[in-house]
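Asker: pasting a predicted model and its sequence here:
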Amino acid sequence: MADVKPVALRVVEETFANEVPSPAHDSLTAAGRRAHLEAKPASYLAVTRGPEDLEPGQEMTNEELLQEGADALAKLLEQGAFGPIRPESFYLYQLETPDHVQTAIIANVATQDFADGNVRLHELVQLDRATHLSRHLAVVAAQSSPIALAYRESPALAQVLESVMRAKDPDLTFSGGDGVIQRVWEVPHAQYGVRIEALLRPAPLYLIDGHHRAAAARAHQQAVGDEPSNYILSAIFSSAELRNRAHHRILSLGEGTADFLSRLMERQEVRVVDSDNEAMARKQDEIALWFGGLCYLVTVPFNGHHGTAAYSGGLDNTKLPPVQNRLENLDPVRLQRGIIGPLLGVDGSWSGEQLSYRPGVHTVSELRQDTELNREILCVMRPVMIRDLLDASDEGLVMPPKSTYFEPKARSGVFLRHLNQAP
């Protein structure tokens with residue numbers, strides 16, 4: 001049973017709503033984040049900057065960087081970017097793009113739930129990144145980047161949320177100029193909040209985005225142990241509304257690219273095509289690698305009896321292969337098993353000099369332009385199905401890092417939850 005409760009927080013003021021909320025951290029490169037902050041100096045990115053966001057050649061210790069973030073938040077509060085702290089309540093937070101709408105419940109979720117299994121995980125974390133974020137909580141003393149959780153589809157809960165949104169207009173509606181319309185409703189607790197709490201508590205929750213932030217919040221709670229640190233700001237979505245994109249891989253091999261492709265052709269069954277249509281029509285057991293205007297379709301056989309092809313047609317859950325088998329046949333796993341591991345000796349766990357990631361919010365054509373310019377290899381991944389992620393989390397299985405990219409993502413700078421006694 002997850003400990004989900006209303007949250008006391010500030011909401012961005014309407015006059016600042018197009019300037020302060022920032023894009024999701026991993027939707028932009030470090031250069032992209034610097035460019036965004038230059039264009040919008042009031043962006044919450046000024047508060048959340050990490051070591052990777054420094055200008056090339058710029059030197060600053062982590063503690064100096066964290067203090068700069070705390071100063072940036074103090075400046076936003078001084079300018080009146082956020083309203084007063086509101087009493088504990090649930091909020092509905094809706095993100096609408098031209099082709100998709102999803103609505104989250106903004107709430108506090110106990111950090112202990114991540115240790116107890118009431119919130120189920122699917123990914124490991126990098127210790128250094130989690131440590132930096134934990135220090136960020138200690139120095140900045142605020143949360144504004146909600147972790148994203150999911151609950152399995154609940155018609156009863158959907159009906160309550162619809163009732164809230166029909167009962168009154170949004171308290172805040174805005175767009176930051178990126179094509180995403182954002183809406184906020186404060187939920188009347190006696191009328192609707194009690195029912196939301198009752199429906200959420202019995203069901204398991206699934207962490208879909210924010211593993212490092214969750215680990216940081218847990219570490220901060222263990223270090224501090226006060227009441228505010230016992231909870232983490234969360235955006236809780238219905239699994240039925242989530243939209244997952246692929247998370248592609250980039251290989252940066254420099255002068256070793258030609259040798260890699262030569263050894264790949266010798267080792268694996270490879271078809272070379274030069275058109276987008278042929279690449280998109282690849283077989284289920286083929287992985288597409290783009291380089292030099294050509295697409296190398298590499299056959300990496302499925303493990304076991306069933307592969308993606310065995311259940312990609314929408315079969316009901318009673319006919320699905322076992323979860324472990326489904327995970328072994330995901331594109332990122334087969335890329336590692338059949339290509340990156342044996343040919344490069346890269347374990348594929350995290351980014352490095354040779355391996356990086358690009359979210360599927362960018363089209364393959366856009367990514368190809370970038371990788372062609374940089375003489376890199378684009379490894380095109382298929383998206384993971386939400387049911388595979390939830391089933392894997394139920395069984396405590398670990399998926400490869402960057403297997404998923406859920407969007408649109410909750411923004412930083414819309415809600416602000418203090419971890420101290422701010423006025």
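Answerer: Nice, I can see it.
Asker: can we go C-alpha only for contacts and neighbour counts from here?
Answerer: Fine.
Asker: any low-confidence regions in the chain?
Answerer: Filtered on pLDDT under 70, the chain yields the residue ranges 304-320, 348-351, 421-423.
Asker: need the distance between the two termini of stretch 37-45.
Answerer: 7 Å (CA to CA, to the nearest Å).
Asker: tell me where the stretch 51-200 of the chain has helices.
Answerer: Here the stretch 51-200 of the chain has its helices, by DSSP state H, counting those that start in this stretch, at 62-79, 112-116, 127-140, 155-167, 194-200.
Asker: can you list the ones you listed in CSV and add distance to Ala288 and mean neighbour count?
Answerer: Converted to CSV, the helices of the stretch 51-200 of the chain look like this (distance: least, CA to CA, whole Å; neighbours: other CA atoms under 10 Å):
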stretch, distance to Ala288, mean neighbour count
helix 62-79, 39, 17
helix 112-116, 36, 17
helix 127-140, 31, 19
helix 155-167, 39, 14
helix 194-200, 41, 17
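Asker: farthest residue from the center of this structure?
Answerer: Relative to the centre of the chain, and counting by CA atoms, centre = their mean, the farthest-placed residue is Glu266 at 36.9 Å.
Asker: what's next to the helix or strand harbouring it, contact-wise?
Answerer: Take DSSP states H and E as the rule and Glu266 turns out to sit in helix 257-267. Contact partners of helix 257-267, identified using CA atoms under 8 Å, 6 or more residues apart in numbering, comprise Val270, Ile339, Leu343, Leu344.
Asker: same question for stretch 408-419.
Answerer: Outside stretch 408-419, the residues within contact range by CA under 8 Å, 6+ apart are 7-12, 17, 20-24, 43-45, 82, 95-97, 137, 141-146, 148, 180, 228-229, 233, 235, 243.
Asker: please check the residues you listed and keep the buried ones.
Answerer: Using 16 or more other CA atoms under 10 Å as the burial test, those include 7-12, 17, 20-24, 43-45, 82, 95-96, 137, 141-146, 148, 180, 228-229, 233, 235, 243 as buried.
Asker: in strands, which of those residues fall?
Answerer: If you go by DSSP state E, the buried ones among the contacts of stretch 408-419 have Arg10, Val11, Leu95, Glu96, Ala142, Gln143, Ala148, Leu233, Ala235 in strands.
Asker: quick one: which of those is nearest to Leu335?
Answerer: For those, the minimum distance to Leu335 (CA to CA) is 27.1 Å, reached by Ala148.
Asker: I'd say that closest one and Ser234 touch.
Answerer: Yes - if you go by CA atoms under 8 Å, Ala148 and Ser234 touch, sitting 6.0 Å apart.
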